[in-house]
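S.K.: kindly generate the corresponding structure for this input.
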Amino acid sequence: MNFFSNIDIQFDIGECRLHAVNLISTHIIHDFPMHSHGIGCYEIHYISEGHGTLIADGREFDITPNTLFITGPLVPHAQITDKSDPMLEWCIYLRADDGNEKDYDSLIRQFLAQKFWIGQDNQELLPLFRKLFSELESRQTGYTDMVKLLISEAVIDITRNYISSSAENGVSPTNSFERTSLTIEEYFLYEYRTASLEELSERLRLSTRQTQRLIEKYYGSSFSEKKTQARMSAAQLLLADECLSLTDISERLGYSSQEYFTAAFKKYYKISVVDYIHLRKLLQAKYYMATSEMNISDISFLLGYSEAGYFCKIFKKYEGQTPSAFNKNFQKLTSKAG
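M.R.: Now for the predicted structure:
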């Protein structure tokens, strides 16, 4: 496994500043539950070996060797690996700075506009990924500049994958529906706090009735349901920020009170906010235990638990086993997979 986390490799494509934050190459032997990433964040996934299933955009997709998929801001997704043939994944987590997209060139605009895409790579990305991780491991003279060039090339090649697949399918990336869909997606992405049917209708230059029908036709939900979905996706991200109180989060999401927000959250996800926070932290804990040498005390402190004993108690409550037992079972699975 190659894992380069909490780094900040900055590079520019045209007028757009991008940051490579995490880069990972690993065999996936455990499933990844449903999760999403923040505004401006894009995760590039390339599967060079193995099989599995991707759940994203409300659909299931088979993952086979040479599958490339991109998950952009607020796109819920989960991965289920085939335990008999685990996937080897190459992953780059990018964050784009806020900027005026009108100033960006067409290539980077197309990359940023694509919130979710999956297909077979036709740009021969595997040698590029191997070279990228080799540079990160060896850290030879000039490796930082080389890494920036390789990630920039990856973004360009991925965008070419978008364009070529659209051309093969006879789809224009600027057709009327895609422009309308992009307007709707961006509206809910950025205006979920105060979103109104009237305002969206004005942006689309449609009547409220036409807008409601359009949303129902293409998204299978009402305006109100789409707004709730956007709020709840944003809630997941805000809950990851331990500097924010529930009152702060409620206000940012446009709820009149903390009680109203927590009730809406439980109704939507069928789980309380408190349970969700613990389960999210435990997911991170299991990831750290599986991929690092950190001990239980370090992990509990990193996740915001004041005492390792309390962390172990919470872990056993939700996972049905202690962290030590989880580690032992994980090592057994790893040795069998190897």
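S.K.: CA only for contacts and neighbour counts going forward, please
M.R.: OK.
S.K.: so the protein: which segments form each domain?
M.R.: 2-168, 176-270, 274-337 (automatic domain parsing).
S.K.: would you turn those domains into a markdown table with mean neighbour count and mean pLDDT?
M.R.: Compiled in a markdown table, these are given as follows (neighbours: other Cα atoms under 10 Å; pLDDT from 0 to 100):
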| stretch | mean neighbour count | mean pLDDT |
| --- | --- | --- |
| domain 2-168 | 17 | 87 |
| domain 176-270 | 16 | 87 |
| domain 274-337 | 15 | 86 |
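S.K.: assign Lys148 to one of the three secondary structure states.
M.R.: For Lys148, the assignment made with DSSP: H, G, I helix; E, B strand; the rest coil gives helix.
S.K.: give me the element the closest residue to it other than its chain neighbours is part of.
M.R.: What sits nearest to Lys148 in space, not counting adjacent residues and going by Cα to Cα, 6 or more residues apart in numbering, is Phe11, at 5.9 Å. Per DSSP states H and E: Phe11 is located in strand 9-13.
S.K.: follow-up on the earlier one: ok now do the residue nearest to Lys148, which residues does it touch?
M.R.: Neighbouring residues of Phe11 by Cα atoms under 8 Å, 6 or more residues apart in numbering: Arg17, Leu18, His19, Lys148, Ser152.
S.K.: the third one contacts Ile9, doesn't it?
M.R.: Read it as His19. Yes - between His19 and Ile9 a contact is recorded at 5.4 Å, counting by Cα atoms under 8 Å.
S.K.: please, where are all the helices along the protein?
M.R.: 106-113, 125-138, 143-168, 176-191, 197-204, 208-219, 223-239, 246-253, 258-269, 273-291, 296-302, 308-319, 323-337 (DSSP state H).
S.K.: before we move on, back to that, from the contacts of Phe11, which is closest to Lys281?
M.R.: His19 (24.6 Å; Cα to Cα).
S.K.: tell me the contacts of that closest one?
M.R.: His19 neighbours (Cα under 8 Å, 6+ apart): Asp8, Ile9, Gln10, Phe11, Leu94, Arg95, Ala96, Asp97.
S.K.: against Arg17, how distant is the first one?
M.R.: Counting by Cα to Cα, to the nearest Å, the gap between Asp8 and Arg17 amounts to 12 Å.
S.K.: ok so, going back, beta-bridge partners for the residue nearest to Lys148, please?
M.R.: Note on Phe11: beta-bridge partners by DSSP bridges are Leu18.
S.K.: before we move on, what about Pro73?
M.R.: Here Pro73, judged by DSSP bridges, has bridge partners His37.
S.K.: can you pull the contacts of the residue of the chain most remote from its centre?
M.R.: What lies farthest from the middle of the chain is Ser207; by Cα atoms, centre = their mean that is 33.7 Å. Applying Cα under 8 Å, 6+ apart to Ser207 gives the contacts Ser201.
S.K.: just to revisit the earlier point, off-centre distance for the strand holding Phe11?
M.R.: How far strand 9-13 lies from its chain's middle: 20 Å, per Cα atoms, centre = their mean, to the nearest Å.
S.K.: angle of that strand against helix 106-113?
M.R.: Strand 9-13 runs at 130 degrees relative to helix 106-113, counting by axes from the mean of the first three to the mean of the last three Cα atoms, to 10 degrees.
S.K.: quick one, strand 9-13 and helix 143-168 angle?
M.R.: Using the same axes, to 10 degrees, strand 9-13 lies at 50 degrees relative to helix 143-168.
S.K.: restricting to C-alpha, output strand 9-13 in PDB.
M.R.: Provided in PDB are the C-alpha atoms of strand 9-13 (Å, rounded to 0.1, in the frame of the first residue of the first chain):
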ATOM      1  CA  ILE A   9       0.700  19.700  -3.800                       C
ATOM      2  CA  GLN A  10      -0.400  22.900  -5.500                       C
ATOM      3  CA  PHE A  11      -0.500  23.200  -9.300                       C
ATOM      4  CA  ASP A  12      -2.300  25.400 -11.800                       C
ATOM      5  CA  ILE A  13      -4.200  24.500 -15.000                       C
END
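S.K.: 32 is where my numbering starts, stick with that
M.R.: Okay, using 32 as the starting number, the last item reads as strand 40-44.
S.K.: hang on, Leu105 packs against Ala266?
M.R.: No - Leu105 is beyond contact range of Ala266, at 10.2 Å (criterion: Cα under 8 Å).
S.K.: show me what Asp93 is bridged to.
M.R.: Thr84.
S.K.: what residues are up against it?
M.R.: His82, Gly83, Thr84, Leu85.
S.K.: if you set the cut-off to 10 Å instead, what comes out?
M.R.: His82, Gly83, Thr84, Leu85, Ile86, Ile111 (Cα atoms under 10 Å, 6 or more residues apart in numbering).
S.K.: same deal with Lys162?
M.R.: Lys162 sits in contact with Glu168, Met177, Val178, Leu181, where contact means Cα under 10 Å, 6+ apart.
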